[in-house]
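K.L.:
sequence first, predicted model second:
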Amino acid sequence: MTLQGRGLTLRAELFCVRFQVHFVLLLLSLVCSRARAEAQSPTDVAEHLPAAASLVLYSADIGATCAEFQETRLGGVLTGNAFRPLVDRLRKDHQGGPLNLQPIFGFDWRELQSVHQGAALIVFPLQDGTAARACVFAGEASEDPAAPLPVATAYFSSRGFVRSESGRGDMAVATFSPPASRKDERSRVLFRGPGFYGVADSPAAADLLLAVKPPDSLSASDLWQQVTRQTAPPARPGDLKVLLRPFEFWEQSRRSNPPVEKSEETYPDVPDSLASSKQVGFDGIQAVVGHVTFPASAGRDWEISARLVVSQPYEKAMRLFELRSGAVPEIPELIGSEVTSASFWRWDFPLAMQGFGSMFDEANEPGPDGVGLFEDMLDGLRDDPEGVRVDLRREVFANLGPEIWSVTDRAGPKTKEQPHGDRALYRTTVREQAKVGDALKRFYAGDDRVAYQRSGEFDLWTVPEGASLFVEGESESVISVRALALGEGMLLFSTDPDQLREALNGAAGKPLKDDPAWRGLWESVGEGDAGLWGLARLDETMAPEYAAATQAELAEDASAMAAMWRVLLFGALNKQTKPPVDVAPAFDKVQPGLSRTGTRIVPVDGGLEVTITGQRPENSP
Amino acid sequence: MRTSRSLPSIVPIVAVAIICLLASAARAQLDTRAASEARSALRAMQQAYQHYDTWNVWVAELNLPDVQYELWAGERGRAETLEAAVAQLRAGRIPQFADAPFVRLAKALEARAVELQPLPSTEWLSSCESAGAAFVPVTADLVESARATSRDRLAAFAKHYPPIRDPKNAWHQFLYWDEVEYLTARMPGPTPAPAELDRIEMRWSNVPTVWHDDLLFEASLAVRHFIRLLRAEMIGETAPQRTAAWSELAQLLTARAMDPNLGAPIAAAVRRRESLGQASPLTATIRRELSRPNLLVEIDAKWLSNETRQPVDDSYDVNGVFAGTRSVGRGRMTGEMTTKVLPSLAVGRLELLFRGTSTARASGSQDRVNVVSRATTQVAATKPFRLDELGLTPERALAGATTSIVYESIDSPGLPRRRSQAVSETHARRPQAERESAAYARRSILEQINEQAATMAADFNRAYHRDVRDPRITAGRPAPRIRILADERLVAWEATLEGPQSFAASSEPEAYDCGNPVVMSVAPSVLEEQATISLGGRELTGAELEQQLWQKPAEAQPESQRKRGDDEFRVTFALRPCEVQFVEGAVRVRLFVEKFDSEDVKYPAMTVDVAYQPQPRDGRLVLTREGKVKVMPLATADGAPKLSGRQQTLRLAVERKLSKVLSSEIAAEPVTLPISKDDERPLRVENVRLAGEWLQMGLAPEPAPAS
């Protein structure tokens, strides 16, 4: 089930935390290297970082992180032969990005792998709101020609940057100014002093960074304290600590790279996914704090443990995240093993529908004008004398839930809209079935596009391809529910009538619960009470986004995930840069690095505790 | 014996006769022998007499502009105007009217007037029956004959205006010259598509509203006639089909007595018969009866006269040579500019009149004789205008002046004898000085009045062409037919805006005695036509729709709408995008939407109903919405079963979006008429009513700001 607005892709599978999984994949790609070293305390560096940082990736031993990450299946793929042509091209073109750090900082992963010190990659705002980037190391800078700063000095000098020296207290600062012919380039600043050193991607960034005093630094902030608390004691030397303020990070990045065709003045009003996400209330996610570990051992390839710090009370679409805690359920028979994802969660259904309404409003009528559209629609269905007079809130929503199962697969017809045959099925419990049935019958009465039939103990309603059971009109993304069944205390609905019929008849192949791989993953995330459990196959579900990201031009309506792949692969989103898509590896070369994942979300005070585990098959090398 | 002629020898003669008759009958749709003879007689008379001194008097006596209008109006021509001219020609008051050209004209106009008499409604059904039975196939010979005529007339026009052959020439492009030449040249090639024929026929039928030229007009008649025959030949209607079609028209006409809303199907049926070369006095009568002017502006003649009255009080420098003496000084012209509207039934005729007195004091010197003089000049000038479908056209101005000069001093150095001689010589040159001074004044006033007339015409035409005529021609709709009816009491500008397959107004508006000097009456068909041009078949964003509906400039929209909401939805209208009715005190509009795309949702075809109550407020027409915008899926519009929940969600979602464009209250832009002498003072809407099928507004000028 997908609900998509202008530039906005909001998937109901958010409850499988695909977003978090994919986002962390992006972060992981920043640390592919081969070194290994001793651990250090994160406070070493944090005392020199600004508290307003929107992204901090910290490793107490960057060399160890690189080495551990490379041991994972994803790390192996990203640093392996499949990606070599792309990395070589990026280096040749001096295109900076996660796969090629050198154009940004002057050194690359090969230099980091031998650094056995604490290191942080940070993004923080400059005074004009744009993003500044810096890489800061704890300890003394090495004079070894293969160490980061000497390599950076050589790199910028070789590219014609003009070096100037200055001092700031006990810090030595070297500024590399680009030649006049490279107007788009920014100066880089290398700094070293007692106890820390690093590189900033502009003089303004260096100024801000070097002015940080410990009492006002990141180490003193509540959020960083949470990171420290959550990650102490570190389980492995290469564990990565993460702090992300997603909306600040997004805004700063956008300000640094405004849409080409829009002027800076109009930018804040340009309708986009950022504005839409705020409109629906996702900016209620204040921060993500946590850590990533790379055990790369049998059963567990990597794991993310994070806390989503969420504004309270939950508002707008964030109400969809307001999960109810309970015991782990048994996986029902109807779910086969050939799924791409399966999830279970518990909702206060009427409350969740209010959250859904916010997304519906934004998808149908973006901006403040659209607020209340869904509620008006429900009112109209209840009150309009020429209408059906069905009170969906009272007669249907109030009788659904709290248990919800969601299943996606790729066994549907391959159409223009769904080239991979994606389809989704939902199942929820029903309390007063007769009341719900009566409401649905009145809702669809006299509609010649809706077919009704009895299927065993179920009432079944379907509409032809391109139509929707909820709204007259054809939609590529707004909930094109085409089949709905009610019976046996359950309500099932699906984007594909065949999927729903298959579910009513039971899984045709092996049930998921009998599949050892899925079963193991389910059990590994299933301990204790939680609000959501989910299973997913990234090697299947990522394909469309990867394909979109490797097009010559990123489509206007490309999803956020496709944009992230784009950044990961090519380092930039802007249209001026023609990415070398011709040397990007095919998805089948990437697939081995993408695991099955298990997700567990526990509602806690102030947010959600999220654990995502990337499965490593038992026979994986 | 004549009767003994063998049958085979008669056949060719009969065949030729039939072809001639058919050609004549076919031409009757657009042109008739009597109409052609009348135009020819009028041209001959004009060529023979237009240089006579009394020509203008005769023009007025015979009402020649109206006569020519009626002869060019084809089946829409009014017999009364022609009959009145015939009466004048035969009254015997003017000796020249007994000359052969005038006698020929009288006879031709009389014959044409008989043709233009409408059929009584009691004969409509029997005429349908006769027309249905009179089947004669359109033969290739007939088409070839029409093709040859078209070719000849196009050649004649091209000889008269050679640039028409230049592909870059604007008229070449406007007239689809290449396509028409291709059609008339009978070159091998693909059969022209019906839509192509429709497009060319429509463009050539609009020609007379853009360029008045005899040769071009004759060419347009020939081309249109040829296209109709070509179309008929291509379709090859059979006798039963023809009978059935006329029978269907008869049934529609009968049913109309019970259902006045059958105008649209009748219009389509009539157009279909016409387009196949079957126009007749019946179709002409139906059009005249059911498609009357639908946009009227009636202006109180006295108010108009006052409104356009302008005092003149100008000072000027005198610097000229009069009677051989260079004179320099200052003068002052006082007088009044007025406008007079002459009586008319079709072509409006206005005269810009100036009556004034100029007084000037100047001094000059010649041969050491210094003269100070005071000249008083009486000036009168008339600038005629023609107001018709072309717009406002200035015609040749006339001016007269008489000057009297008084010498205040004549001074010459030297002996008294020399002074005396200087005085007498100066006085002797006075008549010459007065003549030259009068001529100077006449030239001067002609320059001024011509300049003012040019500005006036340009202002009027800019508005008329931009807002009324040109959008229709560009959109492939019939150009507006304009009539100006004027008498001592009232000046009425009547426009008939009809579609290719729809009629204008089926009735005339009742007199609206609201006490305002200007009354504007609008029939629903005007709004439908306007909507067809601005919305028909178009895909618009919400912002564009608002702009089209309410003529709001983009920058007048709220900031938020221009940015975030600009492409919130896209709506595609049907080719015929709306129906408008004035019912129960409200303007009820039904919009036909083929597609409504919002974000990623594609909604199916639907109708959108909205009703507005018109009322005057603060000098503007304000439309207040009655209730909500009502959206219905097309399949369930009117009389269909109740909406399902799914359809209801469509309705609710789209209603909400459209409600922003079809807002609860809309203030129309101020009304400005091109007659207003001051654009800063638009006319205020003071009274509004809906009467029958008419929206009527009483307008008055804003009070002049206190000086």
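P.N.:
Nice, I can see it. Residues are numbered from 1 along each chain as shown, chains lettered A, B, ... in the order given.
K.L.:
what parts of the stretch 251-400 of chain A come near chain B?
P.N.:
With the criterion set to CB under 8 Å from any CB of the partner chain, the stretch 251-400 of chain A comes near chain B through A:266, A:269-271, A:275, A:363-369, A:373, A:376-377, A:380-381, A:384, A:386-388, A:390. C-beta coordinates here come from the backbone N, C-alpha and C atoms, glycine included.
K.L.:
again, only using 6 Å
P.N.:
A:269, A:271, A:363-364, A:367, A:373, A:377, A:380-381, A:387-388, A:390 (CB under 6 Å from any CB of the partner chain).
K.L.:
among these, which ones are buried?
P.N.:
Neighbour counting by 16 or more other CB atoms under 10 Å in any protein chain shown classes A:271, A:363-364, A:367, A:373, A:377, A:380-381, A:387-388, A:390 among these as buried.
K.L.:
residues contacting residue A:250?
P.N.:
Residue A:250 is in contact with residue A:274, counting by CB atoms under 6 Å, 6 or more residues apart in numbering or on different chains.
K.L.:
what about it, distance to chain B?
P.N.:
Here the distance between residue A:250 and chain B works out to 18 Å (CB to the nearest CB, to the nearest Å).
K.L.:
for that residue, pull up the helix or strand it's in.
P.N.:
Secondary structure here is read from DSSP states H and E; on that basis residue A:250 sits in helix A:246-256.
K.L.:
can I get that helix as PDB, trimmed to CA atoms?
P.N.:
Included here for helix A:246-256 are C-alpha records, laid out as PDB according to Å, rounded to 0.1, in the frame of the first residue of the first chain:
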ATOM      1  CA  PRO A 246      16.700  14.000  10.100                       C
ATOM      2  CA  PHE A 247      14.800  17.200   9.300                       C
ATOM      3  CA  GLU A 248      17.700  19.600  10.200                       C
ATOM      4  CA  PHE A 249      20.000  17.400   8.100                       C
ATOM      5  CA  TRP A 250      17.500  17.400   5.200                       C
ATOM      6  CA  GLU A 251      17.000  21.200   5.300                       C
ATOM      7  CA  GLN A 252      20.700  21.900   5.500                       C
ATOM      8  CA  SER A 253      21.400  19.700   2.600                       C
ATOM      9  CA  ARG A 254      18.600  21.200   0.500                       C
ATOM     10  CA  ARG A 255      19.900  24.700   1.300                       C
ATOM     11  CA  SER A 256      23.300  23.700   0.100                       C
END
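K.L.:
show me the shaky parts of the stretch 501-650 of chain B.
P.N.:
B:551-568, B:599-601, B:635-642 (pLDDT under 70).
K.L.:
kindly apply the preceding question to the stretch 101-250 of chain A instead.
P.N.:
Counting by pLDDT under 70, the stretch 101-250 of chain A shows low-confidence ranges at A:230-234.
K.L.:
switch the cut-off to 50
P.N.:
Counting by pLDDT under 50, the stretch 101-250 of chain A shows low-confidence ranges at A:231-233.
K.L.:
now the helices for it?
P.N.:
Counting by DSSP state H, counting those that start in this stretch, the stretch 101-250 of chain A has helices at residues A:102-105, A:109-112, A:148-158, A:203-210, A:222-231, A:246-256.
K.L.:
check which element follows the last one along the chain.
P.N.:
Past helix A:246-256, heading to the C-terminal end, the next element that is a helix or strand (DSSP H and E) is helix A:273-279.
K.L.:
can you tell me the strand partners of the next helix or strand after that following helix and which way each runs?
P.N.:
On the C-terminal side of helix A:273-279, the closest following helix or strand by DSSP H and E is strand A:285-293. The pairing partners recorded for strand A:285-293 under DSSP bridges are strand A:240-244 (antiparallel), strand A:302-310 (antiparallel).
K.L.:
how much does strand A:285-293 deviate in direction from helix A:222-231?
P.N.:
Here strand A:285-293 points in a direction 30 degrees away from that of helix A:222-231 (axes from the mean of the first three to the mean of the last three CA atoms, to 10 degrees).
K.L.:
the residues of the stretch 251-400 of chain A next to chain B in helices, which ones?
P.N.:
For those, membership in helices holds for A:363-364, A:373, A:377, A:380-381, with DSSP state H as the criterion.
K.L.:
now pLDDT too, for the residues you listed, in TSV please.
P.N.:
Written out in TSV, the entries for those read as follows (pLDDT from 0 to 100):
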residue	pLDDT
A:363	79
A:364	75
A:373	86
A:377	89
A:380	89
A:381	92
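K.L.:
and of these, the nearest to residue A:488?
P.N.:
If you rank those by distance to residue A:488 using CB to CB, residue A:381 comes first, at 26.2 Å.
K.L.:
leaving out the residues flanking it, which one is nearest to residue 387?
P.N.:
Answering for chain A, as no chain was given. The shortest distance from residue A:387 to any residue other than its chain neighbours is 4.5 Å, reached at residue B:648 (CB to CB, 6 or more residues apart in numbering or on different chains).
K.L.:
chain B is the one I meant
P.N.:
Nearest in space to residue B:387, with sequence neighbours left out and distances taken as CB to CB, 6+ apart, is residue B:348 at 3.2 Å.
K.L.:
let me have the strands paired with strand A:285-293 in JSON lines, extended by mean neighbour count.
P.N.:
Supplementary listing: these in JSON lines, determined by neighbours: other CB atoms under 10 Å in any protein chain shown:
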{"stretch": "strand A:240-244", "mean neighbour count": "25"}
{"stretch": "strand A:302-310", "mean neighbour count": "23"}
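K.L.:
got CSV for the ones you listed, with distance to residue A:526 too?
P.N.:
Output for those, formatted as CSV (distance: least, CB to CB, whole Å):
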stretch, distance to residue A:526
strand A:240-244, 25
strand A:302-310, 15
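K.L.:
so residue B:119, which of the three states?
P.N.:
Using DSSP: H, G, I helix; E, B strand; the rest coil, the three-state assignment for residue B:119 comes out as coil.
K.L.:
export the one helix or strand residue B:530 maps to to PDB, keeping only CA atoms.
P.N.:
In this structure, residue B:530 is located in helix B:524-535 according to DSSP H and E. This file holds the C-alpha atoms of helix B:524-535, laid out as PDB (Å, rounded to 0.1, in the frame of the first residue of the first chain):
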ATOM      1  CA  PRO B 524     -26.700  32.000 -21.400                       C
ATOM      2  CA  SER B 525     -25.300  31.100 -24.900                       C
ATOM      3  CA  VAL B 526     -22.800  34.000 -24.600                       C
ATOM      4  CA  LEU B 527     -21.300  32.400 -21.500                       C
ATOM      5  CA  GLU B 528     -21.300  29.000 -23.100                       C
ATOM      6  CA  GLU B 529     -19.600  30.400 -26.200                       C
ATOM      7  CA  GLN B 530     -17.100  32.200 -24.100                       C
ATOM      8  CA  ALA B 531     -16.400  29.000 -22.100                       C
ATOM      9  CA  THR B 532     -16.000  27.000 -25.200                       C
ATOM     10  CA  ILE B 533     -13.200  29.300 -26.300                       C
ATOM     11  CA  SER B 534     -11.500  29.600 -23.000                       C
ATOM     12  CA  LEU B 535     -12.100  26.000 -21.700                       C
END
